[in-house]
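Enquirer: Predicted model and sequence follow; I will ask about them next.
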Amino acid sequence: MAKVLVFTEITSDNVKSVTYEILGKLAGNDVDVAAVGQVPAGAVAELAKFGAANIHSLKGDNLDKYSPEGYANALKEFIGNGGYDYVFAGSTSLAKDLFPRLSGMFDAGMASEVTNFTMDGGTFAGTRPLFAGKCLAKVEIEGPKPHFVTVRPNALGMPTSENAAAGSAADASVSAGEIRAAIKEIIKGASEKLDLTEANIIVSGGRAMKEAANFKILDELADTIGATVGASRAAVDSGYAPHSMQVGQTGKTVAPSLYIACGISGAIQHLAGMRTSKCIVAINTDPDAPIFTKADYGIVGDLFQIVPILTEEFKKIM
Amino acid sequence: MNIFVCIKQVPDTETKITPNGDGTFIETTSIKWIMNPYDEFAVEQALLTKQANSGSTVTVVRVGGVKDTEALRTALAMGADEAILVESDDNLDSFMTAKALKGAIEKSGKSADVIFTGKQAIDDDCLQVPQLLAGMLNIPSVSVVVGCEEAGGTYTLKREVEGGALEVYEVTAPVLIACNKGLNTPRYASLPGIMKAKRKPLAQHSLADVGVTNEDRRVKYSNFQLPPEKPAGKKFDAMDEAAQAGIVAEVVGLLRNEAKVI
Ligand SMILES: Cc1cc2nc3c(=O)[nH]c(=O)nc-3n(C[C@H](O)[C@H](O)[C@H](O)COP(=O)(O)OP(=O)(O)OC[C@H]3O[C@@H](n4cnc5c(N)ncnc54)[C@H](O)[C@@H]3O)c2cc1C
C-alpha cells in the first residue's frame, strides 16, 4: 500500500473526470486529493465516493492564476510535509507543465502520460506509448520519492464500482514564493467545447473539407452528439482550422471513445494522434484510403453527402 | 546576449519502429534521423532573437548518439554560431538529459540569457526536459509557446492551453521558452550556410564530463512491443446516393448497439 496524492484542477466547480479515472485505479492505497483553491462541497462528496481519504484545498497568496513556479513551490511544501510516495495527475496542459518542474525539485523521477498502470504491493508500473504510439513499453520509476505520474485522460475509463473513503475536507495554507513568469492576461479560445485531449467524442475533418466554412457541417454533427471538432494537418496548413484543432504527431494526442474521421486519408502522422481511440469511423471517397485499415466502421462515400445524413440519424436517437 | 537552443535527433516520422531483441529499446541501426520538428521552431526563434539583438551568439546543444551530428550541422547551417554535443546513448531518460544539458551549458562558460527548446520530443513524448532543465538552472520557464516578443530582455510569451485559449506571460531574462508549432516559420539552410557550418566550432563532451552518471537514471523502460493490431472493421460502400440513408442508419445502429459508444 502506498501513500498517494492525486492532484486535481477545479474548473467551473467541477473536478476533471480524469481524476476519477485515476482514483478508480488506486483502490487499495491510501489516497488523498489536493487542488489549488477551494474544492466545492459537491466535488468533495464525489471524490470521497471514489476513494479519497482527505481532500485538501490549498490556499495562499498569488495562487489565483496558474504559474509554473508558484504552483510548484506551493505543492513542493505540501507534498513534502505529507510524506507521499506517489503524486498523480491527469496529463492536462497545467500538469504537463507543472509536474516535470516539481519532480525535479524533489530530484525525483516522473512517468508522463501513461495509458494504464498497476500499483502492485504499492509499487507503480505503467504502460506508455512511445514513438507516437508506434510502440508500447512498461515504465517504472527509480530513485528518490515521491514519484510523479501523469495519466492520459479517457485512457483508463471511469471506475465501474464505488470505493467509499472518509472524504474529510481540509484547508491547507501554502506559499507561492517568488514568481518570475506570471500570467498577465488570458485570451479565451474560440471553442466552448471540451478540449480535444479530454473529449469523449471527436469529429475531425481533413483536406477534403475544401474550405473553413465547410467545417459548419462537422460542427452540426458535433453539437448533436456532444463532440469536439478536430482537424488533420493538411486542413490546418490549408487554413481551414487553427493549429489548436490539429490531431496527430505534431498536433494533439487524443483518446476518445468515438473518433469520426471525415475526408482524412490516414497518414501515419495523423494515426499517431488518434490510434488509441476506442472506436473509429472513417468517411472517405477512396476505398483504398489507409484510414480504412484502422476504422472499425468505414463508409466509402462523399462526406458532404454522408455527414448531414449522419447528423439527422443521430438526432433521431439522442 | 547568450542564446542557447536545445535540440534532439529523433526517428523520421515515417520510420517503421521495431523493438530491439531484449525489449529495452528500439532497433536504431537502420533509422533515418531528423531534427525533432518542434526544435526547428526553437532554432528559428533563437535566430530571430539574435537578429534583434546585435552582438548575440546562438549555441546549439544536443545530447545523443555520436554517429550522426546531422541536426547540429543543420542548426549551424541555419545560422547558429556554435554547437555542443554531449555524447550518450539514445535512451537516456528526461532527468539525465536535462542534467546533461545543464552541465553542457555551464561548461560553455557562458550564462544563458535565454534558452529555447521544442515543447516536446516526438520520440519519447515525455514533455519533461524543458521544465526540468529550467528547474535545475533555477530560471522560470514557459512551455507550449506560440507567441514570443522580446524588448530589452523582457519577453511577452503566449502559451497555448486547453480549448485553444492563450495564457500571456511576461517574464524577464533569464528564461527558458519551449516552442510550439505556429510560433514562426523555420528558415531553410542556404547553400552558403551549409558551407560555413562546416567550419563552425563543435565541442564534444562525454556524459561524465558534464557530471551525469548512471545513478541519475530515474525511469526504467522494458517490454517494448508493437501495439496490438485491431481486428479488421466493417466497411460499407455508400457511393450510391440511393443506398446512403440505409447504410448510415445501419452504422449508427452499430455504434449504439455493437460498439456502445453513443
Ligand atoms: C513531421 C510531420 C509531422 C506531421 N504531423 C501531422 C499531424 O500532427 N497531423 C496530421 O494530420 N498530419 C500530420 N502530418 C501530415 C501527414 O503526413 C498528412 O499529410 C496529413 O495527415 C494529410 O491530411 P489529410 O488526410 O487531411 O489530407 P489528404 O492526405 O490529402 O487526404 C484527403 C482525403 O480526403 C479524401 N476525400 C477527398 N474528397 C472527399 C470527399 N468529398 N468526401 C470524403 N473523402 C474525400 C481523399 O480520398 C483523401 O483520402 C505530418 C507530416 C510530417 C512530415
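Expert: That came in fine, so what should we check first?
Enquirer: Skipping its backbone neighbours, what lies nearest the one residue in the stretch 1-150 of chain A that gets nearest to chain B in space?
Expert: Of all residues in the stretch 1-150 of chain A, residue A:109 sits closest to chain B, at 2.8 Å by CB to the nearest CB. Quick note: C-beta positions are derived from backbone N, CA and C, even for glycine. In this structure, residue A:109 finds its nearest non-sequential neighbour in residue B:218, 2.8 Å apart by CB to CB, 6 or more residues apart in numbering or on different chains.
Enquirer: For the one you found, what are phi and psi?
Expert: Here is the backbone geometry of residue B:218 (degrees, to the nearest 10): phi -120, psi -20.
Enquirer: ok, it touching residue B:98?
Expert: No. Residue B:218 lies out of contact with residue B:98 (CB atoms under 8 Å); the separation is 10.3 Å.
Enquirer: Looking at the top strand by length along chain B now, give me its mean pLDDT.
Expert: The single longest strand within chain B, with elements called by DSSP state E, is strand B:141-151. Average pLDDT, strand B:141-151: 98.
Enquirer: Does anything pack onto it? Which helices or strands?
Expert: Judged by 3 or more CB pairs under 8 Å, 6 or more residues apart in numbering or on different chains; DSSP states H and E, strand B:141-151 is in contact with helix A:68-82, helix A:93-105, helix B:37-52, helix B:129-137, strand B:154-160, strand B:166-172, strand B:175-179.
Enquirer: ok, residue 207 - how many residues close by?
Expert: If you meant another chain, say so; for now it's chain A. 17 (other CB atoms under 10 Å in any protein chain shown).
Enquirer: That was the other one, I meant chain B.
Expert: Neighbour count of residue B:207, defined by other CB under 10 Å: 20.
Enquirer: Compute the distance between it and residue B:65, please.
Expert: Distance from residue B:207 to residue B:65, counting by CB to CB, to the nearest Å: 12 Å.
Enquirer: residues touching residue 209, list them.
Expert: With no chain named, the answer covers chain A. By CB atoms under 8 Å, 6 or more residues apart in numbering or on different chains, the contact list for residue A:209 reads A:215, A:218, A:231, A:235, A:240, A:262-263, A:303.
Enquirer: my bad, chain B
Expert: B:86, B:103, B:107.
Enquirer: Which positions in the longest strand of chain B come out as buried?
Expert: B:141-148, B:150 (16 or more other CB atoms under 10 Å in any protein chain shown).
Enquirer: cool, and stretch A:187-207?
Expert: Buried-residue list, stretch A:187-207, by 16+ other CB under 10 Å: A:189, A:191, A:193-207.
Enquirer: what about the residue in the stretch 151-262 of chain B positioned nearest to chain A, how many neighbours?
Expert: At 2.8 Å from chain A, residue B:218 is the closest residue in the stretch 151-262 of chain B, using CB to the nearest CB. Neighbourhood size, residue B:218 [other CB under 10 Å]: 26.
Enquirer: State the distance from it to the ligand.
Expert: 29 Å (CB to the nearest ligand atom, to the nearest Å).
Enquirer: again with residue A:235
Expert: From residue A:235 to the ligand the distance is 5 Å (CB to the nearest ligand atom).
Enquirer: What residues does that residue make contact with?
Expert: Contacts for residue A:235 (CB under 8 Å, 6+ apart) come out as A:205-207, A:209, A:241.
Enquirer: Switch those over to TSV, and while doing so, append pLDDT and distance to residue A:127 to every line.
Expert: TSV is the format used below for the contacts of residue A:235 (pLDDT from 0 to 100; distance: CB to CB, whole Å):
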residue	pLDDT	distance to residue A:127
A:205	98	31
A:206	98	30
A:207	98	33
A:209	98	34
A:241	95	31
